[in-house]
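>>> Need the 3D shape of this:
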Amino acid sequence: MKTKVFITPYVLFVAVLALSSFASAQQHEMQEATSSSSNLVQLVRAATRQYVNVNAATAAGYAPFLGCVTGSDHGAMGVHYVNGALLNGELEVSHPQALIYEPSNGGMRLVGVEFIIFADAWLQSHNNNPPVLEGQVFQFVDSPNRFNIPAFFELHVWAWRANPQGAYVDWNNNVTCTSE
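Numbering: from 1, shown residues only. This is a model prediction of the structure:
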């Protein structure tokens, strides 16, 4: 025995309305996520514009740390210029602990920043929660690590060089340690 299903215009209208509302909500969430991440990138860009010239960074207390960091299988991070005075446990978007430069034509090109917070001090005063900056949760790097420093939290922000993997991913395939 065959059963026939009749779809009335009303049922069809409700189904289409529900699907379009769902799609609209998803698009709104994606726009919010994009604007939130874009907001942090823009804030970092504005705060570090003064350091496009590496000489301005060194005059402000930033110094190269460990040379150019390159990935074993893809991408690089570049040369981290760290300001030791900013490794004080404070977290401010306008004062990144490290500026990241890429060697280029005998000079250095600003490509991003890294926020660095030592884990012991942070966890003691923040109820074991990782740092969060403009909605971005920091990654934990345990000790021992390849940098020979205590455990820390870090967040890369590629504000000056697009990263095809995302603005907050550590390795950037568009950055190289070989001078062009």
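>>> Can you give me the buried ones in stretch 55-74?
Using 16 or more other Cβ atoms under 10 Å as the test for burial, stretch 55-74 gives 57-58, 62, 64, 68-69. Glycine gets a C-beta too; all of them are placed from N, C-alpha and C.
>>> Going by distance to Asn88, which of those wins?
Tyr62 (14.7 Å; Cβ to Cβ).
>>> thinking again about what came up before, need the buried residues of stretch 55-74 in a markdown table (columns: distance to His126, secondary structure and pLDDT).
A markdown table is the format used below for those (distance: Cβ to Cβ, whole Å; DSSP: H, G, I helix; E, B strand; the rest coil; pLDDT from 0 to 100):
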| residue | distance to His126 | secondary structure | pLDDT |
| --- | --- | --- | --- |
| Ala57 | 29 | helix | 98 |
| Thr58 | 32 | helix | 98 |
| Tyr62 | 26 | coil | 98 |
| Pro64 | 30 | strand | 97 |
| Cys68 | 32 | strand | 94 |
| Val69 | 27 | strand | 92 |
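>>> ok, those residues vs Pro144, which is closest?
So of those, ranked by how close each gets to Pro144 (Cβ to Cβ), first place is Val69, at 16.9 Å.
>>> Touching, that closest one and Met77? I think so.
Yes: taking Cβ atoms under 8 Å as the definition, Val69 is a contact partner of Met77 at 4.1 Å.
>>> Now do stretch 58-77: distance from first to last residue.
Using Cα to Cα, to the nearest Å, one end of stretch 58-77 lies 19 Å from the other.
>>> go on, stretch 166-177?
19 Å.
>>> quick one: average confidence on it?
Average pLDDT, stretch 166-177: 95.
>>> If you count neighbours, what's buried in it?
For stretch 166-177, using 16+ other Cβ under 10 Å, the buried residues are 167-168, 170-172, 175-176.
>>> picking that back up, okay, among the buried residues of stretch 55-74, which ones form the most distant pair?
Thr58 and Val69 (18.5 Å).
>>> Right, I'll call it a day here.
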